[in-house]
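> here is a sequence together with a model predicted from it:
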Amino acid sequence: MTAHQCKCGSGKLFVNCCEPLLLRTKFAQSPEELMRSRFVAYCDREAGYIYETHHPETRTNNLLDQLKDPKNQLQFVKLEVLHSDAQPLEGTVKFKAFFIADNRLQTHAETSLFKKVDKMWFYHSALSLSFEKDQSIKIGRNDLCFCGSGRKYKKCCSTAN
C-alpha cells in the first residue's frame, strides 16, 4: 500500500492526518481538524464516523439512516477551509466543499459551529450555508480532476473508472 495525501486538502499524508481520527485512535484537537476528518468521512462514506462526531444535542435518530441513504451519497472531491476559529468550548469553520452530482461539479459553502464536550470536539450545526448549483461545471472524462491530484477525471474521482 502506498502512502497518499489526505483528501482533506491539508497537504499531509493520510496516515499522519485524518486516518488516526477515522480509526478512532486519536481525537480531533480543533474544530478544523474535526471538519477535515468529517470531510474525508463523507468522501469515503463513513456514516458511522459522521454520526459519532455529530453533537448529541443536534444528532437526530434518523441521521444515520439519512447518511446511509444511497440517494444522498454525493461524490465529494475537494475541501477548502476558508477560516477557522477556536475558543475553549466552541469554534467555527468556514469552508467550501466541492462535490460531483450528475457529472457536474457543485459547491456547498458553510460556516459550521463546533462544540467541545468532555475534551472532544463535535459538529453542532450550520450557522450559514449555500449551494452554488447555478455555477456548476460540467466535467469531461479527460479533464483534469478537480480534487487536485493532477490526474484525469476518468482515472481519478470518476465513479466510472
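Yep, that arrived.

> please state the backbone phi and psi of the residue lying closest to A126 once chain neighbours are set aside?
Nearest residue to A126 in three dimensions, chain neighbours excluded: E110, at 5.1 Å (Cβ to Cβ, 6 or more residues apart in numbering). To be clear about C-beta, it is placed using only N, CA and C from the backbone, and glycine gets the same treatment. Per-residue torsions, E110: phi -150, psi 150 (degrees, to the nearest 10).

> please apply the same query to P31.
Torsion angles, degrees, to the nearest 10, at P31: phi -60, psi -40.

> still on that earlier bit, ok, now which ones touch the residue nearest to A126?
Residues near E110 by Cβ atoms under 8 Å, 6 or more residues apart in numbering: K94, F95, A97, A126, L127, S128, L129, S130.

> if we use 10 Å, what do you get?
35, 82, 93-97, 125-131 (Cβ atoms under 10 Å, 6 or more residues apart in numbering).

> so how far is A86 from R151?
34 Å (Cβ to Cβ, to the nearest Å).

> higher neighbour count, these two?
Neighbour comparison, R151 and A86: the larger count goes to A86, with 17 against 12 (by other Cβ atoms under 10 Å).

> the more buried one reaches T92, doesn't it?
Yes: with contacts counted by Cβ atoms under 10 Å, A86 reaches T92, the gap being 8.3 Å.

> overlap in contacts, these two.
Shared contacts of A86 and T92 (Cβ under 10 Å, 6+ apart): P31, E32, F114.

> gap between the first one and C156?
Just to be clear, that refers to P31. To C156, P31 is 29 Å away according to Cβ to Cβ.

> what's the helix or strand for the most centrally placed residue in the chain?
The residue lying closest to the centre of the chain (Cα atoms, centre = their mean) is F39, at 1.3 Å. Following DSSP states H and E, one finds F39 within helix 31-43.
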